[in-house]
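Student: Mind looking at a prediction? Sequence and model below.
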Amino acid sequence: MLKLLKIEWNKIYYYKATRIFTFIYFLILILIGVILAFIKPTIGGVKLDIAKLGMFNFPEIWQNITYLVAIAKIFIAVIIITNITNEYSNRTLKQNLIDGLSKKEFLTSKILTNVVFASFSTLFVFLICLVLGSVFSTSEGAMWKGIEYVGAYFLKLNLFFSICIFLAILLRKSAFAFLGLIVLWMGEAVISLCEFLIKAWMNKGFENVDPNGFFLSHYLPLNTSSKLIEIPSLEVSGFVLGGSIFNFTPVKWEFCMVAILYSVLFLFLSYYLLKKRDL
């Protein structure tokens, strides 16, 4: 395991673009925590203090921060896809196999790298939530309630990274892999829209469709990733009463299970492609 990680570390460290994107990614995580604490926008002549609006209250902070920082995962996606597609374009994969590295070990090295990235990211997010919550939280709620969102964040990253590995191995070119990611996202959006329209037609009106009801399209890969950590719900009455405007919603565990299954599936498909293809 350490040997495989060392091989990957050398590939990542000596590739300048990878170092830059890694630095940008972790810098963004830190900046999100620092900047959010001092954001005080003025709306309609009223100066709003995000901290006083409950952004950093326990347990809401676990959901709020993990939702925001998850957007930055695209920077790690660039690293993953570029790292794998470079193996094909530079023929280092073929050379590694000639030197005795098996296809299983090659894929394992990529998976371990992803787990390391996801682990460090999760640790960063955990510390950001803990520090901001300890400093700014005004609630009397339990500090550790809602910490399961940190675990959901880890699953979210690993699912997304597994998809990136699969697309990179499937398409072999960085541009095609990113295009494939966009096509997958757009395809799921179209399927979701079609399902909503069908439900509206069956229920005789858009107003009769429950947006919180069961949708099969919610269980598509990228949609599952989104459902792991949903956008925090807001309650305007909290602002009027001078309290928190954020509502805590528990993690939906069914999406955690589906995320694990999808992660395993995409990694299995990646190995299948590696095993069956000629390099």
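Tutor: All right, it came through fine.
Student: counting contacts, what elements does the longest helix seen in the chain pack onto?
Tutor: Longest among the helix segments of the chain by residue count, using DSSP state H, is helix 103-136. With contacts taken as 3 or more Cβ pairs under 8 Å, 6 or more residues apart in numbering; DSSP states H and E, helix 103-136 sits against helix 2-13, helix 16-36, helix 60-69, helix 73-89, helix 92-98, helix 148-171, helix 253-276. (C-beta placed from N, C-alpha, C; glycine too.)
Student: Nearest to Ser121, out of these?
Tutor: Nearest to Ser121, of all those, is helix 148-171, at 6.0 Å by Cβ to Cβ.
Student: okay, the angle between the closest one and helix 73-89?
Tutor: 30 degrees (axes from the mean of the first three to the mean of the last three Cα atoms, to 10 degrees).
Student: Would you mark the buried spots in helix 148-171?
Tutor: 148-169, 171 (16 or more other Cβ atoms under 10 Å).
Student: Let me know the next secondary structure element after it.
Tutor: Note on helix 148-171: by DSSP states H and E, the next helix or strand toward the C-terminus is helix 174-202.
Student: Report the buried residues of that following helix.
Tutor: By neighbour count on 16+ other Cβ under 10 Å, the buried set for helix 174-202 is Ser174, Phe176, Ala177, Phe178, Gly180, Leu181, Glu188, Ser192, Lys199.
Student: cool, and stretch 122-132?
Tutor: Thr122, Phe124, Val125, Phe126, Ile128, Cys129, Leu130, Leu132.
Student: Tell me, what's the model's pLDDT at the first one?
Tutor: According to the per-residue confidence, Thr122 scores 95 in pLDDT.
Student: Lys6 versus that one, what's the distance?
Tutor: Noted for Thr122: a distance of 22 Å to Lys6, by Cβ to Cβ, to the nearest Å.
Student: Could you count how many residues lie near Val115?
Tutor: 15 (other Cβ atoms under 10 Å).
Student: Could you list the low-confidence segments of the stretch 101-250 of the chain?
Tutor: 141, 236-243 (pLDDT under 70).
Student: With adjacent residues omitted, what lies nearest to Val78?
Tutor: Phe21 (5.2 Å; Cβ to Cβ, 6 or more residues apart in numbering).
Student: if I pick the one you found, what's in contact with it?
Tutor: Going by Cβ atoms under 8 Å, 6 or more residues apart in numbering, Phe21 touches Phe75, Ile76, Val78, Ile79.
Student: ok, of those residues, which one's closest to Ile35?
Tutor: Nearest to Ile35 among those: Phe75, at 17.0 Å, using Cβ to Cβ.
Student: was I right about the closest one contacting Ile24?
Tutor: Yes. With contact defined as Cβ atoms under 8 Å, Phe75 counts as touching Ile24 (5.6 Å).
Student: Looking at the two, which one has more neighbours?
Tutor: Between Phe75 and Ile24, counted using other Cβ under 10 Å, Phe75 has the larger neighbour count: 18 against 13.
Student: what's the closest non-adjacent residue to that one?
Tutor: Tyr25 (3.9 Å).
Student: Okay, Arg91 and Ile98: tell me how far apart.
Tutor: 10 Å.
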